[in-house]
Every structure is written in C-alpha cells, then in structure tokens.
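> Pasting the sequence and the predicted coordinates here, then a few questions.
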Amino acid sequence: MSSTKAIPQSTSSARKPPRQPLLWAALAYGIGIAVGAYAWRPPLWWVLATLGFLAAGAYYVSRRVWLAFVLGLGALFFTGALAIQASTARGPSDDGALAFADGEEVVVTAHVTHEGQIREAGFGGTRQFLDIETEELTNGDRRLVVRAGLRLGIYAKESDQEYDESGTRMPMRMFRYGERLRFPAKLRAPRNFRNPGAFDYRGYLADHGIVMLASSKITKVEVLPGFVGNRVERMREGVHRSLVRKIHALWSAEDAALMDAAVVGESAFLTPATRLDFQRSGTYHILVVSGMNVSILAFVVFWVMRRLRLSDFLASLLTVMLCTAYAFVTDVGPPVWRAVLMLTVYLGVRLLYRGRSVLNALGAAALGVMVVDPKSFLGASFQLTFLSVWALGAIAVPVLERTSQAYQFGLRHLRSADFDRTLPPQVAQLRLDLRMIAERLPQWLGGRASLAIVGAGVHGVLSVYEVLCVSALMQCALVLPMAYYFHRATVMGIPANALAVPLTGILMPTSALALGLGYVWLPLAKLPALLAAASLHGITGTVRGLGGLRIADYRVPLPETSTIVIGACAVGIAMVLAWQRRAFVLCGIALLAATSLWVSAAVPRPHMRAGVLEVTAIDVGQGDSLLVVSPQGKTLLIDAGGPVGGQQSEFDFGENVVSPYLWERRISHLDVVVLSHAHSDHIGGIHTVLKNFRPREFWVGALPETASVRALLSYATSLGIRVVRHSDGDSIEFGGMQVRVFSPPLEWQTSSQPRNNDSLVMRLQYKDSSVLLEGDAERVVEQRMVAQGESSGDDPTSRKTRDVTHPAEIANLLKSDLLKVGHHGSATSSSWEFIHAVQPRWAIISVGRGNSFGHPRLETLQRLEQEGAATYRTDLNGAVSFYLDGHTVSPQLACLR
C-alpha cells in the first residue's frame, strides 16, 4: 500500500499544477517594490490604496473567492511600494560625521566591528581592511562623539614590520573584533562613478552600515584598552578565524584560497584571474558561499539523520540548526540567510504534509525576506536565487517527474515481477528489457550481480540526464538576469555546471569532515582532505578548461525593454506548460531555449543620436576616457582610465567603469579604440576594452618600448585588431567627420618611460563645428602647435605630403568649439596662448574628485573663463555628453539622459 502511493503517474499524461498562493503573494509584493522604487508617490496614496483593496477583498471573500484573492494581491502590491519608499527614506545616518570629511586630518577613536585579512600590497608592503564604528572624531577644537560606520584600510611598508626576539620579521598584526583603536586619517565620503550603468558602491557600503572611508599607516594606529561589542559576534569572529587557519593548515596555499571562499565565505585570498575563470564559465556560484552550499549541507545532514533512524521532525530540526550555524559562521549575508529561511519553511511545509510544494516554500521565504529588507528584491543576488529555485521547482521538477523520475523509480526491486504490474507500461517494459540484457551477461557474474550492474548503468545514465536537464533549464532561465546585471552570456555554463556541481556535492561534505577531524587530530583529517582537494582540482580543471575558451568570454550589452518582457514571459509560459501534456512541455522548453538564445545573440539598437557628432567624457576618476560617436553612428573610444601614477591595482577600470557605461548605451562593438599615451590612468583599462568590444582598429601615437606597451600591442594583434600609428599631419575621414592629428610629430623621440607630451592630439570636425582633444599634452606641445600657425615660412613639404594644408592655416584649424582640457586642468597645460588660439566656447576637464594633485588648477579655470568658455568637470558633473550638429554645441549630463 505504501509503495503504491509513491508510484509516479504516466510519463505522457498531464498533471494538475500545484496551488502556490504564497508564490503569487511574493510576486505581487515584489512587483510593488519595483514600481515603488521607480515611481515615487506620496506615502498616503499607497496607504489608502492598500486599505481600499483590503476592504474590497474582505467584502468579496465570502462571495467570490478568486476575486478576493486578486484584491489581496493588489493590497500586497501597494504595501510593497510603500515598504520600499519607507526603507529608502530611512538609510544609514552619519549623524554629522561627514562634516569631518573635508580633506583635513582627523583623529579617530573607534572599535572594530568586522575583522579583515592581511594581504600583500604593492612594493613589498601589506594591507588590511577593517570595518569599524567611530566613537569620537577630533580635529583641533572640533570634537564630535558619534557612532558611524567606517571602512579603514591599514597599510604597512616592508620597513614598518616588526621583529620578534629571535630577529624574525613579523607581519602586520591582525586587529580583532571589539578592539578599540585611535589613529589619524583623512576621512572621505564614498563616491560612485557617475555614469549610467555604474555600480552603486555608495549604496553597497550603506547596506553594510558604512558611510565613510579612511586609510592609515600601521605605525600610527594605537590600540586602546577595553572591549566594545557583542560577545556572540566576538565568538563568531573567533570561530571564523579558527576555521580559516585550519583550512590553511590542511591544504596548500592555492587550494586554501579556494576552500576559504567556497566553504567559509572568506574571499580575501582569491585572485582576480580565479574570479574571472569562474565568471566566464558560469560557475561563480560554486566559488562563493551561496544557497547551493546550504542545499548540499542540508541534504547530507538530513540523509545522515534519517540513516540514524531519527524521526522526520528531529532530522528536520537538526538540519535547520546546523544550516543556521553555518550561515552564522560564514557571515556572507542575505544570500545564505535566504537559503536557510527557505529551507526552514520547506521542511516545515513538508512536516505539515502540504504537498511539499517547493514553489510555495519559495514564495514564503521570498516574502519573508522582502518584508524584512524590501531593497533585497532589487538586487541581483535575490533575483538570481529566486529565479534559480523557481526554474528548478516550476520547470525542472515536473519535467523530471514526467521523464527520468518515473524510470528511476522503476529501477527498484528489479527482480520482482509483481512490482511490474504497479508501474506505467513504459517503465514495466524497461524492467523486462533489463532482465533480458542481464541474462545475456557472463554466467560467472551471477543473475543477481548482472541485474544490479545493468540497473546501476541505467541509473547512471538517467542521473547524467537529470544533471544536464537541470543545468540546461536553469541556465536558460538565468540568461536574462545574467545579461542585464553582468553582461555575460554563459555559453559554457551547461557543461561546466554539469561537471562542477556534482563535484561540489563531494567537496562540501569531505571538506566539512576534514575540518571536523582536523580539530580532533590533524593526521586523521588527511584522507578526507585529499578527497576534497581532488574534487576541488576537478572543479578548477573544468572551470579553467571551459572558461579559458574564447567563446566563453561572450559579453552582451543591456537588453532592450521588449527583450526583457519577452524573456520574462517565456519563463512564465514554460512554467505553465511544464504541467501539461508532453507536446506542450516540449513547446515550453523550446520557447525557453529559443528566447535564451535570442537574448544572448540579439544586437540591441544603441542609444545614439543620428546626424550629430557626440563627444562624451566618461567619469573614470583621475584619468581619461572619451567616447566619440560620429554623425553616421561609428564609435571611437579614446583611453579607458586606470590607476594613477603607475600604481598596481586589482580594480579594472575597463571592466568595472568603462565597459558598463558602453553596455548601458547598448553598444556591443567599437569601431576604433585610441590610446592617447601610455600613462596608467589612460592605458589601464584598454586591455579589457579591446577584449570586450573587439574594435577593427587600434590607433596609437608615440609609445615607449616598455614591457606593458609591447604586451598590449601583441594582445591587440592576437585579437585580429589592426594597430595603426598616427602622427602630426594625418587626416582621416571617419563616419561623416574629419579627424586631424596635430601631435606627436613624425620624428618624435620617446624615452624609456611614457610622458604626457607623447599624447596623441586630435581635432574632430563636423561641418562648421569642431572639438580639440588634447590628451595630457603640456605647454611644450601647445607652444609648438601654436608656433606652427604663427610661422608662415615653414616648408609645407616637411609634412611628407600627408596633409598639404599651409602652416598659416593651422591657427584656424586649432580653433574649436569644444576643448578637452589637457592633463586634467593642471598648471603645466592650458597656456594662455594655446587657449586663445583654440577659442573654445565649451571645455571639459576629466578629473578625480578630491585628488591629491590639486587638479584642476585655479589659474587654468580662470583662463578658460576669461576666454568665455563654459567649463564642465567630471568630478562635479559626472559623465558629460556634448552634441555637435554642425553649427551648435549642446551639452547634457549623461546621468540625466
């Protein structure tokens, strides 16, 4: 009797989809959050609408239940809109602390709220990042007692490191949770790059309670007596720290860095290259602690508890308790807690015998998370988690139940002919076929062993099918958010996940066992540690092999609104059809796959104005990056920002600043990329831009023979990009405009290192309007260009026939409506003679806010003002676009486009 209840239905018949009111409730609440975030209305409107719908729903609850349910969803919709506006209005408060972020040094007294890890820094030093909470800020006579979140970077040079009594060099000490510190620092407010599509770094820090940033040298940090904090949190930090130490004792440094991230959520030791490999292969969820880790842990714990013959209630309770403890120790944040909440709700529903609906549990968990933190619905992490489980429960589960699960169930009791009669005809026929095959195997195996081997083989094939099916359906469902948030089409996601996810199922329990045994006796942990390392090597080998393929690095721009709507509808239709007859199921899957392919391959229409010349200064901080769009729609990018002064930085300006802006404009390809000169704040992001946008040509000027320049030019050539060198006198027709090069001269001699005066200076002309792009050219180059116009005795043949314009006309050629001011507005550029020769009506300065160089200089701004130029600055205005229609220039702030 009991076995009959578990018998699956026919593999071809339709099934009635389960009812999941909590899923629809969560969707209504979430859509309300999305609408409320972008369509502000007075709070009273939302309150009145909610009360009206609730009253109407109460009236119809005994008359038309379905209408009452719809009205209830409407009330949840308005409640979600009210909740997001209320949570946005709250936000973290600095309580006056930001008044001290004025560029002056402040003495900060604070205590540690979140520990960091010691990492190597440039030039042989070390660094450590801490989250702290201020207690007191002092600046001369100014004193403020305030509690405000601050992220502190502590740096140590090699000479700052201490020695112990034996003379051994000791690294920077780690600061512990609750320790009180005093140090001098210049406070600064977090700042976003003010470009459309930019990451909201300030909002990210605010979500973690951080309102200010600071840095200090280790030699200036004083540890004060006393402890401030929570004892439970202190214990959690201690356990987390102990686990990290144990991981590094059990595995090699390279393996330990990955174990830290995958097992306990400590990502401080990961390299950018490792992150990129996992991102390209679509397996980044394996590298970080996420809901998948909780799922694997819960499965193993629950399975063990049931094998120990504990009741469902005790097994569920212990599973939830251990998963909660795991989430607490890792302290990764909302993604793991969401998974724990959903697990708790699901096991609770399972105990109450409510059909074990995964979707209802998902709805309850999502609704609970959104009520606690409405802003979580707008984040990529929440949406990816929600959509993954939705695809699993609403599409993959019914598909598998109708296909492989019926046959998997039929592999039980293969020797029992009586069991055949309880199964669907197709499954019973499979059992008969397996018995016939087993009889033909060698006699020495024995009938029982032969049938077991045949059954195991079929079980393995069906298991591989299930992994591939789940991986494919989830990848198809996640194509849209991956394109929207990360601009990636994970082409290799299906095979990579099919291989890596099962290995993760081995990695998690073996690594947990190794850690547990490591606290008992370290040699006892070696065997499970070896198994875990083997699984890890299998994962990394898969990731590097598949992620290293060029096709894996397929980037996509922001999808169009119509694409987003169609993609979302395809997921919904596939969910509905998954419960219908086989033909409809296949149609739903085909629709989902076709839509996923279209989202990945479709080239959206870029945001461009036809018939005008556009010049946009992208906000890259203290660096340069300009986007030029010709009147015919051809694109040219000049520089791509980078770290200042040749600093080594893991932050990729090309990937994290320039590319997101271009993708937000729905630009998937550049016609030309230009490098003005080889200083790090111009060349830093070029490598990634070439990879992401594959231009036809790469224009350069005078470049020194440095290793970085040679590597860049070699990389461009390997991508099939034509490298073109330009110098003074070159004139190019480009997409309906004329490009004229003024510097460097053909005979320009470079030095061993890049210089500002190596800059490629170009003038763009469209009808009667023009723009002069100066790069970082300084007064020497400016004087040479002006002198060429003033000297009428120069021999025009010295221009090697590339441009026969008489030198007397050069002064007129310098005259431009828009000037991109040289070298961030420094005192070494923008001489009075040069500005007077150009006579700009508009000027743009690309400069970083609060930079240490004092750019732009006051005298430069005054010269531009005296010449009558209206000056825009990226530090004050963010990205700025100028549109030249052939007669006039129209500026527009890009963030207001």
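Perfect, thanks for sending it. Residues are numbered from 1 along each chain as shown.
> contacts and neighbour counts: CA atoms only from here.
Fine.
> So which residue is smack in the middle of this protein?
For the chain, the residue nearest the mean C-alpha position is residue 486 (5.6 Å; C-alpha atoms, centre = their mean).
> Now residue 274: which helix or strand?
helix 272-280 (DSSP states H and E).
> so how far is that helix off the chain centroid?
Averaging C-alpha positions (C-alpha atoms, centre = their mean, to the nearest Å) puts helix 272-280 11 Å from its chain's average.
> Tell me the buried residues in that helix?
Residues 274-280 are the ones in helix 272-280 that count as buried (16 or more other C-alpha atoms under 10 Å).
> pLDDT averaged over that helix - what is it?
When pLDDT is averaged along helix 272-280, the result is 87.
> Residues in contact with that helix: which ones?
The contact list for helix 272-280 (C-alpha atoms under 8 Å, 6 or more residues apart in numbering) reads 284, 287, 488, 490, 492, 543-544, 547-548, 552-553, 650.
> Restricted to buried residues, select those residues in ChimeraX.
In ChimeraX syntax, the buried subset of the contacts of helix 272-280 is picked out as below (16+ other C-alpha under 10 Å):
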select :284,287,488,490,492,543,544,547,548,552,553
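> Please identify which of the contacts of helix 272-280 is nearest to residue 218.
Nearest to residue 218 out of these is residue 650 (C-alpha to C-alpha; 21.6 Å).
> Distance of the residue nearest to the centre of the chain relative to residue 299?
Distance of residue 486 to residue 299, given as C-alpha to C-alpha, to the nearest Å: 30 Å.
> With residue 622 instead?
Distance of residue 622 to residue 299, computed by C-alpha to C-alpha: 50 Å.
> got it, and residue 821?
Residue 821 sits at a distance of 62 Å from residue 299 (criterion: C-alpha to C-alpha).
> picking up where we left off before, pLDDT wise, what is the residue nearest to the centre of the chain at?
On the pLDDT scale, residue 486 gets 91.
> for the one 3 residues further on, same thing?
Here the pLDDT value assigned to residue 489 is 87.
> Any idea how many residues pack against it?
Residue 489 has 28 neighbouring residues, counting by other C-alpha atoms under 10 Å.
> for it, phi and psi?
When read as degrees, to the nearest 10, the backbone of residue 489 gives phi -110, psi 100.
> Make sure it is actually in contact with residue 600.
Yes - assessed by C-alpha atoms under 8 Å, residue 489 is found in contact with residue 600 at 5.7 Å.
> Between these two, which contacts overlap?
The contact sets of residue 489 and residue 600 overlap at 479, 483, 556 (C-alpha under 8 Å, 6+ apart).
> residues in contact with residue 35?
Applying C-alpha under 8 Å, 6+ apart, we find residue 35 in contact with residue 81.
> separation between it and residue 379?
Distance, residue 35 to residue 379, by C-alpha to C-alpha: 14 Å.
> Now for residue 252, how many residues are close by?
Using other C-alpha under 10 Å, residue 252 has 12 other residues around it.
> Per-residue confidence at it, what does it come out as?
Looking at residue 252, its pLDDT reads 94.
> Could you do residue 607 as well?
Looking at residue 607, its pLDDT reads 94.
> Point me to the helix or strand that includes it.
With DSSP H and E as the criterion, residue 607 is inside neither a helix nor a strand.
> count of neighbours near it?
Per other C-alpha under 10 Å, the neighbour tally for residue 607 reads 12.
> same question, residue 208
Counted by other C-alpha under 10 Å, the residues lying close to residue 208 total 12.
> got the contact list for it?
Residue 208 neighbours (C-alpha under 8 Å, 6+ apart): none.
> Tell me where the stretch 301-450 of the chain is predicted with low confidence.
In the predicted model of the stretch 301-450 of the chain, residues 353-357, 442-447 satisfy pLDDT under 70.
> just the strands in it please.
Counting by DSSP state E, counting those that start in this stretch, the stretch 301-450 of the chain has no strands at all.
> got a list of contacts for stretch 252-267?
Applying C-alpha under 8 Å, 6+ apart, the contact partners of stretch 252-267 are 240, 243-244, 247-248, 250, 269-270, 286-289, 293, 329-332, 508, 511, 533, 536.
> Looking at the residues you listed, which are in helices?
Among the contacts of stretch 252-267, the residues falling in helices (DSSP state H) are 240, 243-244, 247-248, 250, 286-287, 293, 329-330, 508, 511, 533, 536.
> nearest to residue 233, of these?
Checking the ones in helices among the contacts of stretch 252-267 against residue 233 with C-alpha to C-alpha, the nearest one is residue 329 at 9.5 Å.
> What about residue 870, how many residues nearby?
Neighbours of residue 870 (other C-alpha under 10 Å): 14.
> Please disregard the earlier target; I meant residue 393.
18.
> Now do it against residue 706, distance only.
56 Å.
> and the closest residue to residue 188 other than its chain neighbours, what does it touch?
Closest residue to residue 188 apart from its sequence neighbours, by C-alpha to C-alpha, 6 or more residues apart in numbering: residue 101 at 4.8 Å. By C-alpha under 8 Å, 6+ apart, the contact list for residue 101 reads 186-189.
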